[in-house]
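**Student:** Let's see this in three dimensions:
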Amino acid sequence: MGTGMTVTAPPLETVRVELGPRSYDILVGHGALAQLGPRLTTLLKRPRVFVLTDTHVEAAHRARVEATLAASGISSDWLALTPGEATKSFANLDTILDWLLDGSAERSDVLLALGGGVIGDIAGLSASLMKRGMGFVQVPTTLLAQVDSSVGGKTAVNSPRGKNLIGAFYQPQLVIADTELLATLPPRELRAGYAEIIKYGLINDPGFFAWLEQNGARVVALEPDAITHAVAVSCRAKAAIVAEDETEKGVRALLNLGHTFGHALEAANGYRPDLLHGEAVAIGMALAFRYGAKQGITPADDAERVRRSLEAAGLAAAIPGRQGGPYTAARLVELMQQDKKASGGKVPLILAHRIGEAYIHPDADLASVEAFLSGELLEA
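**Tutor:** This next block holds a predicted model:
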């Protein structure tokens with residue numbers, strides 16, 4: 001502005017995931033990566049770390065990560081995999097474990113996951129298996145991973161029979177969510193991650209949802225104060241739910257808001273890249289609120305607010321209506337019936353009494369869901 005002033009980043013925020021002796025910190029904010037080396041020195045018995053990443057992330061961030069490690073006297077061994085959901089395979093799990101064994105990894109060593117949810121998932125599972133459990137640190141580089149998959153200890157690889165069917169709950173020792181790393185993401189990836197941020201407001205924080213209605217554009221534009229606040233609030237919300245229900249026997253299922261519809265959309269689309277996970281979840285959340293409104297559970301005005309908020313962020317809030325496309329009501333319901341909790345023509349859905357008042361609706365009737373989806377597709 002001609003004043004010579006520079007904008008200073010807000011201070012880092014620390015979110016604690018309370019799990020007794022397995023508790024850990026999430027450091028959130030611009031420049032958080034600078035804390036990686038100092039924090040690792042308290043976790044490591046010898047000054048080296050194994051870094052698992054993908055080739056895109058390696059090109060964008062390896063030099064910076066190596067520099068912060070070297071500043072603390074820590075050396076690093078690297079393995080970069082091909083980006084994409086197909087990376088979460090048994091073949092790559094074997095590759096990672098062989099790499100760790102070849103490097104004489106010990107249980108007291110740390111495997112650092114540098115990347116998005118795919119790398120975090122397979123790194124966590126590898127760490128859980130390596131000599132029955134080695135150290136594990138997450139440095140998520142996508143918005144989706146920073147607010148969702150890097151927190152809470154869900155790790156997995158995919159099977160030909162479905163996503164994330166082979167896995168374990170295995171918590172990291174530390175998460176570094178440096179919001180500055182998000183600057184390399186394409187806008188579409190940022191929007192997909194933003195869908196998961198909106199989710200936390202819809203589950204149990206109507207004040208945060210209202211804040212996002214006013215500040216969502218600033219979050220997606222990565223303005224330091226807005227993105228730090230949004231990521232920290234999201235991590236705090238997830239940390240509280242994980243602390244209460246680590247292995248998803250109850251309240252943690254609320255984090256699946258939008259996912260039953262969203263996973264069916266992804267599967268019907270053959271997991272093709274024209275529908276990202278966060279985009280499918282955004283549509284799924286809008287569908288959950290509209291289905292609730294049709295059932296007399298959710299106020300229609302709240303469903304409309306959800307639609308407007310998603311669309312304002314550049315996210316679709318309705319099933320893509322392509323002539324001859326992959327989506328039919330019957331196919332989507334067929335895929336929903338494959339949900340491991342579905343039985344007797346009913347499926348659990350996460351619905352909401354209002355924005356910020358989500359609950360587990362244990363037995364949604366699939367016939368009513370199919371009728372609802374038929375109407376949605378007619379309007380598409």
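**Student:** In space, what's closest to Leu257 - neighbours in sequence excluded?
**Tutor:** Sequence neighbours aside, Ile350 is the residue nearest to Leu257 in space, at 4.2 Å (criterion: Cβ to Cβ, 6 or more residues apart in numbering). Where you see a C-beta, it was placed from the backbone N, CA and C, and this is true even at glycine.
**Student:** Counting neighbours, what do you get for the one you found?
**Tutor:** 25 (other Cβ atoms under 10 Å).
**Student:** Doesn't it lie inside a helix?
**Tutor:** No. Under the criterion used here (DSSP: H, G, I helix; E, B strand; the rest coil), Ile350 is strand, not part of a helix.
**Student:** buried stuff in stretch 160-167?
**Tutor:** Neighbour-count burial for stretch 160-167, counted by 16 or more other Cβ atoms under 10 Å, picks out 163, 166-167.
**Student:** Could you give the separation of the helix or strand harbouring His61 from the chain centroid?
**Tutor:** Of the helices and strands defined by DSSP states H and E, His61 is found in helix 55-70. In terms of Cα atoms, centre = their mean, to the nearest Å, the centre of helix 55-70 is set 22 Å apart from its chain centre.
**Student:** Kindly export stretch 89-106 (C-alpha atoms) in PDB.
**Tutor:** Output in PDB follows, covering the C-alpha atoms of stretch 89-106 (Å, rounded to 0.1, in the frame of the first residue of the first chain):
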ATOM      1  CA  SER A  89      -1.800 -50.500  -2.200                       C
ATOM      2  CA  PHE A  90      -0.300 -53.700  -0.700                       C
ATOM      3  CA  ALA A  91       2.500 -53.500  -3.300                       C
ATOM      4  CA  ASN A  92       3.500 -50.000  -2.000                       C
ATOM      5  CA  LEU A  93       3.100 -51.100   1.600                       C
ATOM      6  CA  ASP A  94       5.700 -53.900   0.900                       C
ATOM      7  CA  THR A  95       8.000 -51.300  -0.800                       C
ATOM      8  CA  ILE A  96       7.900 -49.000   2.200                       C
ATOM      9  CA  LEU A  97       8.500 -51.800   4.700                       C
ATOM     10  CA  ASP A  98      11.400 -53.100   2.600                       C
ATOM     11  CA  TRP A  99      12.900 -49.600   2.400                       C
ATOM     12  CA  LEU A 100      12.600 -49.200   6.200                       C
ATOM     13  CA  LEU A 101      14.200 -52.600   6.800                       C
ATOM     14  CA  ASP A 102      16.900 -52.000   4.300                       C
ATOM     15  CA  GLY A 103      17.700 -48.700   6.200                       C
ATOM     16  CA  SER A 104      17.900 -50.600   9.500                       C
ATOM     17  CA  ALA A 105      14.900 -48.700  10.900                       C
ATOM     18  CA  GLU A 106      14.300 -49.300  14.600                       C
END
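**Student:** avg pLDDT for that stretch?
**Tutor:** For stretch 89-106, mean pLDDT rounds to 97.
**Student:** what does stretch 152-160 give?
**Tutor:** The model assigns stretch 152-160 a mean pLDDT of 90.
**Student:** Could you tell me how many residues sit around Asp225?
**Tutor:** Residues lying near Asp225 (other Cβ under 10 Å) number 16.
**Student:** That one is in contact with Pro10, isn't it?
**Tutor:** Yes. Assessed by Cβ atoms under 8 Å, Asp225 is found in contact with Pro10 at 4.9 Å.
**Student:** where in the stretch 201-350 of the chain is pLDDT low?
**Tutor:** Scanning the stretch 201-350 of the chain for pLDDT under 70 picks out 322-324, 339-343.
**Student:** host element of Leu52?
**Tutor:** Assigned by DSSP H and E, Leu52 falls within strand 48-54.
**Student:** list the helices and strands that strand packs on?
**Tutor:** Here strand 48-54 touches helix 55-70, strand 75-81, helix 90-102, strand 110-115, helix 117-129, going by 3 or more Cβ pairs under 8 Å, 6 or more residues apart in numbering; DSSP states H and E.
**Student:** Could I get those in JSON lines, plus columns for distance to Gly270?
**Tutor:** What follows is the helices and strands packed on strand 48-54, written out as JSON lines (distance: least, Cβ to Cβ, whole Å):
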{"stretch": "helix 55-70", "distance to Gly270": "22"}
{"stretch": "strand 75-81", "distance to Gly270": "22"}
{"stretch": "helix 90-102", "distance to Gly270": "21"}
{"stretch": "strand 110-115", "distance to Gly270": "23"}
{"stretch": "helix 117-129", "distance to Gly270": "17"}
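**Student:** Most tightly packed of these?
**Tutor:** strand 110-115 (a mean of 27; mean count of other Cβ atoms under 10 Å).
**Student:** strands paired with that strand, and their directions?
**Tutor:** strand 48-54 (parallel), strand 135-140 (parallel) (DSSP bridges).
**Student:** Could you pick out the longest helix of the chain?
**Tutor:** What stands out as the longest helix in the chain, according to DSSP state H, is helix 224-244.
**Student:** what packs against whichever helix or strand comes after it?
**Tutor:** As assigned by DSSP H and E, the chain's next helix or strand after helix 224-244 is helix 259-268. Applying 3+ Cβ pairs under 8 Å, 6+ apart, one finds that helix 259-268 contacts helix 277-294, helix 329-336, strand 346-352.
**Student:** So which of the ones you listed has the densest surroundings on average?
**Tutor:** helix 277-294 (a mean of 25).
**Student:** what's the angle from that helix to helix 117-129?
**Tutor:** Computed by axes from the mean of the first three to the mean of the last three Cα atoms, to 10 degrees, the angle separating helix 277-294 from helix 117-129 equals 100 degrees.
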